[in-house]
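>>> curious how this folds, go ahead:
(2 chains)
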Amino acid sequence: MNRILAISGKELRLYFLTPTSYFAFAIYILMSSFMFYVDFVTYQPSILDYRLILSDMLFMLLIVIPILTMRLISEEFRQGTDELLLTSPASVTEVVLGKYLASLGVLTMLLVCNLAYPAIMSLFGDLNLMTLWLSVLGVFLMGASMMAIGLFASSLSQHQMVSAVAGFVLLLMFWLAGSMTSQSEKLSAWIEPFSLPDRISNLTKGVVNGPDVIFYVSLAALFVVLSIQVIERKRWR
Amino acid sequence: MLEVKRVSKRYDGGRGVREIDFSMQRGEIVGFLGPNGAGKTTTMRMITGYLYPTEGTVTVDGLSVHEEARKARSKIGYLPETPPLYPDLTVEAYLKFVAKLRGVPAREQKLRTAEMVARLGLGGRERQSIRHLSKGYKQRLGLAQAIIHKPDLLVLDEPTSGLDPSQIIEIRSLIRELGENHTVLLSTHILQEVGALCDRLLIINRGELVMDGAPDEIGARMENRFAVTLEVYGQRERIESVLGGWAGSRGITAEIRGVPEPKGQTSEMEPLESEQSKNQQSDNERTLAGNGPDAAAASHEPLAQTEPFVETEPVAAPPQSLDLFASSSEAVRALLTADGQEDFRLELFRLLAEADLPILELHKENPTLEDVFLKLTTEDRADGLVDKDGLGTDGGVRVETGTGSGEERA
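Residues are numbered from 1 along each chain as shown, chains lettered A, B, ... in the order given. Predicted coordinates:
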């Protein structure tokens, strides 16, 4: 556990020392506040509901998360620091979990930034706190699974740009899983359950649906395990 | 301490390392030598647990590096070829991170970090970001991360590459210091480094261990001959006849090299033998420099012109009284070579003493590391050609290399 914390501590520190993460945060805040302005201020009459702006926020995650996760493992390979991590007493699982934990920390920060908007809304009236907090939980779960996908993409290449693009493509596939397959009923029945944004709708309605939560958690677990396997595999070659 | 048992790593196309087998005792400094691409780094990566071997086991204090990874790896410190540094972190933050990662107890982390900073001369740079450190400081920091958890075994991959001479000297003295209470395995392709640092030498060539031994004994094992250089004071003709006679009767090749004659007299058609010996001597002078008092003497000697002299008929030497100040007397250098390992120096001394020819210098010639290294690594090129012909990419057809490899695998 200490080693996991050591690694996630290092990753968080590096997040604050590299310009890319500031860039990602800047994009996120700029775009989401712009959307908030469009959704809340220019759209009249204003509706005091967090969910109204949520869908735009979620879409922003699709762009920001690959930027935030691309360096996690790629950079270790490129700098040769993987030799330090993999020859240390820490196991690959600990290394990857440490990194994943750091990415969850960053996700939490993004969400905290995002809470500014409901805070502004609450100045104008009462928000339904139940749906607010469940929506936040939903975004966190979805973001967590997206972070895991980004982490996996980062383990595939030692070039950050390749990782970012791979992560984006993977996320896009999960994102569009719900809307892509309108032609064939049978196919869409198989693919739709894997859609990332569809699974969040129950939570935003204030319903905690077990399968939805399990879907996000297991998707995250799957990609964390895949990342571990990709790194382990490099040692055998 | 460290046991590497029949470790192989195969890559596509028959590259990789084959059945590396050696062990190291506590407190040894072992040099790992080989041409580029011979498999030094691959072997070191397997020892440190970064790569898994295709076959074979690596154990440190009886713990397998790959199966009991956590325990075994905390006993190893590793400095890869490029020091594994995070350019964005500061020196202090980096060392703290490594200390945590390597399981240094929380109470000691601060102390250990400070100790490393002081020991490796990084004082005043703790808060500097690693990106802005010079190459030498980066290398020191790399060493610091390797020793911060006080490992039993230290594995260093080319610790002095890319450093300037004064930094090389610093790092070397540091390694020597570390060698007092750690076991050190270091790879290098600088031959002097091995002579300067190591108790033992491993030479790897095209993925196979071809030599294992102390630097000075390796030469003797490589070539079955006994060679002595000699400097005698006296009249040249007399020395030639005395030495030549004795050598002829003993089956020793004597090669008299004149004292400095006027330059420019070099004969156009120098025999091959003298060419070789000349090279040998110059090699010798190069590698021995700084290795002891006799080395200094050797390097002060101007390179004598060589004139092979192989006499077969014994000539009775008329006893003559020696006059040190006679104008006809001079210092004559000779190289005496015999097959086998028999030491004829005593006999030689008596012979010359009886003939009243004072010995100014007598020195046993060892084949230099360079000779050994070149011999071991060039033999292998023929091997490479065989591979290219597609006859044996898996080592099915192999030209048996040197005597060493046979011994090692026995």
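
>>> tell me who's in contact with B:Ala237.
Actually, residue B:237 is Glu rather than Ala. If a contact means CB atoms under 8 Å, 6 or more residues apart in numbering or on different chains, then B:Glu237 has no contacts. Just so you know, the C-beta spots here come from the backbone N, C-alpha and C atoms, and that holds for glycine as well.

>>> that one sits in which helix or strand?
In the assignment (DSSP states H and E), B:Glu237 maps to helix B:236-250.

>>> please spell out which residues along that helix are buried.
B:236, B:238-248, B:250 (16 or more other CB atoms under 10 Å in any protein chain shown).

>>> can you check stretch B:180-189 too?
B:His182, B:Thr183, B:Val184, B:Leu185, B:Leu186, B:Ser187, B:Thr188, B:His189.

>>> cool, and stretch A:191-198?
Quick answer for stretch A:191-198 (16+ other CB under 10 Å): A:Ile191, A:Ser195, A:Leu196, A:Pro197, A:Asp198.

>>> out of those, which is nearest to chain B?
A:Leu196 (31.6 Å; CB to the nearest CB).

>>> downstream neighbour of the helix or strand containing A:Met109 in the secondary structure list?
Per DSSP H and E: A:Met109 is located in helix A:92-114. With elements assigned by DSSP H and E, the helix or strand that comes after helix A:92-114 is helix A:116-122.

>>> what sits up against that next one?
Applying CB under 8 Å, 6+ apart, the set of residues contacting helix A:116-122 is A:Ser32, A:Ser33, A:Phe36, A:Phe40, A:Leu48, A:Asp49, A:Tyr50, A:Ile53, A:Leu127, A:Leu132.

>>> one more: stretch B:89-106?
A:2-3, A:5-7, A:9-10, A:13-14, A:17, A:84-85, A:88-90, B:74, B:85-86, B:108-110, B:112-113, B:116-117, B:122, B:125-130, B:133, B:141, B:144-145, B:148-149.

>>> and it, how far from the chain's centre?
Computed by CA atoms, centre = their mean, to the nearest Å, the chain-centroid distance of stretch B:89-106 equals 35 Å.

>>> buried residues, that stretch. List them.
Result for stretch B:89-106 [16+ other CB under 10 Å]: buried residues B:89-104.

>>> how near is the one residue in the stretch 151-300 of chain B that gets nearest to chain A to B:Tyr50?
Using CB to the nearest CB, B:Val155 is the residue of the stretch 151-300 of chain B that sits closest to chain A, at 8.6 Å. According to CB to CB, to the nearest Å, B:Val155 and B:Tyr50 sit 10 Å apart.

>>> any common contacting residues for the two?
Joint contacts of B:Val155 and B:Tyr50 (CB under 8 Å, 6+ apart) are B:Tyr78.

>>> tell me where the model's unsure across chain B.
B:218-224, B:258-328, B:366-369, B:379-410 (pLDDT under 70).

>>> which parts of it sit against chain A?
Chain B has residues B:11, B:45, B:48-52, B:69-71, B:73-74, B:76, B:78, B:80-82, B:84-89, B:93, B:97-98, B:100-103, B:145 near chain A, with proximity defined as CB under 8 Å from any CB of the partner chain.

>>> helix or strand with the lowest mean pLDDT in chain A?
The helix or strand of chain A with the lowest confidence, counting by mean pLDDT, DSSP states H and E, is helix A:185-191 at a mean of 75.

>>> dump it to PDB, keeping only the CA atoms.
Only the C-alpha atoms of helix A:185-191 are listed here, as PDB (Å, rounded to 0.1, in the frame of the first residue of the first chain):
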ATOM      1  CA  GLU A 185     -32.000  -4.500 -33.900                       C
ATOM      2  CA  LYS A 186     -30.200  -7.600 -32.900                       C
ATOM      3  CA  LEU A 187     -26.700  -6.100 -33.100                       C
ATOM      4  CA  SER A 188     -27.700  -3.000 -31.200                       C
ATOM      5  CA  ALA A 189     -29.100  -5.100 -28.400                       C
ATOM      6  CA  TRP A 190     -25.700  -6.600 -28.000                       C
ATOM      7  CA  ILE A 191     -23.700  -3.500 -28.300                       C
END
